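S.K.: Just need the structure, nothing else, for what follows:
(one chain, ligands or ions: 1)
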Amino acid sequence: MIPAMSEQATKARTSVSQLRCIGCGRTALPDRFRCEHCRDLLEIIYPGWDDRGPGGLSVSSLKKLWLARRSSLDPVDQSGVWRFREILPEIPQPQIITIKEGNTPVYELPHCARAAGITQLFAKHQGMNPTGSFKDTGMTVAASFARQAGYRWVACASTGNTSASMAAYAARGGLHSLVLIPDGKISWSKLSQSLDYGAITCQLKTDFDGCVRVLNEVVERMPVYLLNSVNPYRVEGQKTIAFELLEHFDWHVPDHIIVPGGNLANSSAIGKALREMKQLGFVSRLPKISVIQAEGANPLVRTIRENGGEALIPVHAETMATAIRIGNPASWKKALRVINESEGTVEQVSEIEMAIAKAEIGAEGIGCEPASAVTLAGLKKLVKNGFVKPSESVVLVLTGHLLKDSEFTLKFHRGDLFTEFPGPEGRELKSNQRAPLILEPSVDAVIELLKSAEK
Ligand code: F0G
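M.R.: Reported below is the predicted structural model:
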């Protein structure tokens, strides 16, 4: 047991965070997003860790403390994010806005493993968060920071999940929220969430990248706190996805972690977490962290393949996986660093590959939204090209819940998404489609169907 008083006393010296530019290394004020000198993104560092470690505690004490908090009745301990608070920026507990995010499940996916040609495949399902996506883990930290800093308004541009999450946390924390989304290009379920949680929701006649441009100016001119993923506090919260995952494996490192890539903050956060875990001595090596994009929204893949990561190649993004329909990702440099450092890679997948993978994840009784399924589709390609060996362990980060985009799922199974697809891919498609059957209301008809389904 660690006495509460001494925990408080040591925290004061060790968990104080600073913002530092990822480009020139200069420090910045706590509520900034870009370096005033070179305009690069900022990241959070903890200078106090160098001497005494997070919370002034040893690695083994931290592991015990974090596990013990799972059975605590304190709402902050019950959050899968705040139970790791020693590795997060310090926020006074009364200011913390939590909806009991995190603590998400890890599932084995034996059938998907077979489809991919490997033996050990797991999914860390971030769709099991309160608003149905991984965004909640970062939002709890950034929204709490906004409240603590005295902001009354928060805002984001979004492809639907950030906005749903932000609207929920703002509502819980008594903040007003403004959402900018691309008109007609996000799923209805996500739009309905931000309406229901009470955000002022604007559909702009542009794409996600256009919404970001507008919002960046709005926050320059108004006292509104930006909750897009350039916000370094969001990245800190999303780090806990990796801490939780490694805790689940009793701190044994999987060989690969595969993440979908949009604005590229989540891959950056997971990589930062693992970098910190290695520096602090939680793990002795890094897993290979790889990022998968849709072929039609592939700026990172192009940037790495065509110019070795020298400068971002923005694209005009187009994919049915609307969550990752992003052509000009803000966090590309952070993600690139993670891929290089961990010796991961990038891959891109077609719409049909993504849709088939989504149905395969669904058939495991798990399900996810289209953007999450690019991970399995990408894994299959990485096994084929030898990057992932059949005996290696792989974790897919599933970022959103199946019900986030039921329209896509219905259209897929009804056969409305891909009409003419000959050859092996067409056969794979057909074997994964499970259209609803329309029958006469007769017992015999149902029994007949059961018998034929058994054959
Ligand atoms: N998966 C889902 C379900 C997402 O909603 C997003 C991003 C990503 C993956 C990509 O994550 O941007 O960190 O690389 N959605 C953002 C939004 C952009 O506004 O909801 P990333």
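
S.K.: following the helix or strand of the chain with the lowest mean pLDDT, which helix or strand comes up?
M.R.: The weakest-scoring helix or strand in the chain, judged by mean pLDDT, DSSP states H and E, is helix 4-14 (a mean of 43). Taking DSSP states H and E as the definition, the helix or strand that follows helix 4-14 towards the C-terminus is strand 18-21.

S.K.: Neighbours of residue 220, how many?
M.R.: Each residue near residue 220 was counted by other CB atoms under 10 Å, and the total is 9. Using the backbone N, CA and C atoms, a C-beta is placed for each residue, glycine as well.

S.K.: pLDDT weak spots in this protein?
M.R.: Applying pLDDT under 70 to the chain flags residues 1-15.

S.K.: residues from it in reach of the ligand?
M.R.: 133, 158-162, 229, 260-266, 323-324, 369, 371-372, 399-400 (CB under 6 Å from any ligand atom).

S.K.: So which of the residues you listed are in strands?
M.R.: Here DSSP state E is the test, and these give residue 260 as lying in strands.

S.K.: Out of the residues of the chain next to the ligand, list just those in helices.
M.R.: Using DSSP state H, the members of those that fall within helices are 161-162, 265-266, 371-372.

S.K.: Can you classify residue 68 as helix, strand or coil?
M.R.: The local conformation at residue 68, judged by DSSP: H, G, I helix; E, B strand; the rest coil, is helix.

S.K.: hey, where'd the strands end up in the stretch 151-300 of the chain?
M.R.: Along the stretch 151-300 of the chain, the stretches classed as strands by DSSP state E, counting those that start in this stretch are 153-157, 176-182, 200-204, 224-226, 256-260, 288-294.

S.K.: Only the C-alpha atoms, please, for the third one, written as CSV.
M.R.: Read that as strand 200-204. Below are the C-alpha coordinates for strand 200-204, written out as CSV (Å, rounded to 0.1, in the frame of the first residue of the first chain):
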residue,chain,number,x,y,z
ILE,A,200,-23.6,23.0,-31.8
THR,A,201,-23.1,21.0,-34.9
CYS,A,202,-22.3,22.6,-38.3
GLN,A,203,-22.1,20.6,-41.5
LEU,A,204,-19.7,22.5,-43.8
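
S.K.: got the angle for it vs strand 176-182?
M.R.: For strand 200-204 and strand 176-182, the angle between their directions (axes from the mean of the first three to the mean of the last three CA atoms, to 10 degrees) works out to 20 degrees.

S.K.: Who are the packing partners of strand 200-204?
M.R.: Contacts of strand 200-204 with other secondary structure elements, assessed using 3 or more CB pairs under 8 Å, 6 or more residues apart in numbering; DSSP states H and E, are made with strand 176-182, helix 188-196, helix 208-221.

S.K.: Go again with 10 Å.
M.R.: Counting contacts by 3 or more CB pairs under 10 Å, 6 or more residues apart in numbering; DSSP states H and E, strand 200-204 is packed against strand 153-157, helix 161-173, strand 176-182, helix 188-196, helix 208-221.

S.K.: most tightly surrounded among these?
M.R.: Each of those was given a mean neighbour count from mean count of other CB atoms under 10 Å, and the largest, a mean of 28, is that of helix 161-173.

S.K.: Now do that one against helix 208-221, angle only.
M.R.: Between the axis of helix 161-173 and that of helix 208-221 there is an angle of 40 degrees, by the same axes, to 10 degrees.

S.K.: Put the alpha carbons of helix 161-173 into CSV.
M.R.: The C-alpha coordinates for helix 161-173 follow below in CSV (Å, rounded to 0.1, in the frame of the first residue of the first chain):
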residue,chain,number,x,y,z
ASN,A,161,-15.9,10.2,-33.8
THR,A,162,-13.9,13.0,-32.2
SER,A,163,-17.1,15.2,-32.4
ALA,A,164,-19.2,12.5,-30.7
SER,A,165,-16.6,12.1,-28.0
MET,A,166,-16.0,15.8,-27.5
ALA,A,167,-19.7,16.6,-27.3
ALA,A,168,-20.2,14.0,-24.6
TYR,A,169,-17.2,15.1,-22.5
ALA,A,170,-18.2,18.8,-22.9
ALA,A,171,-21.7,18.0,-21.7
ARG,A,172,-20.5,16.0,-18.7
GLY,A,173,-18.1,18.8,-17.8
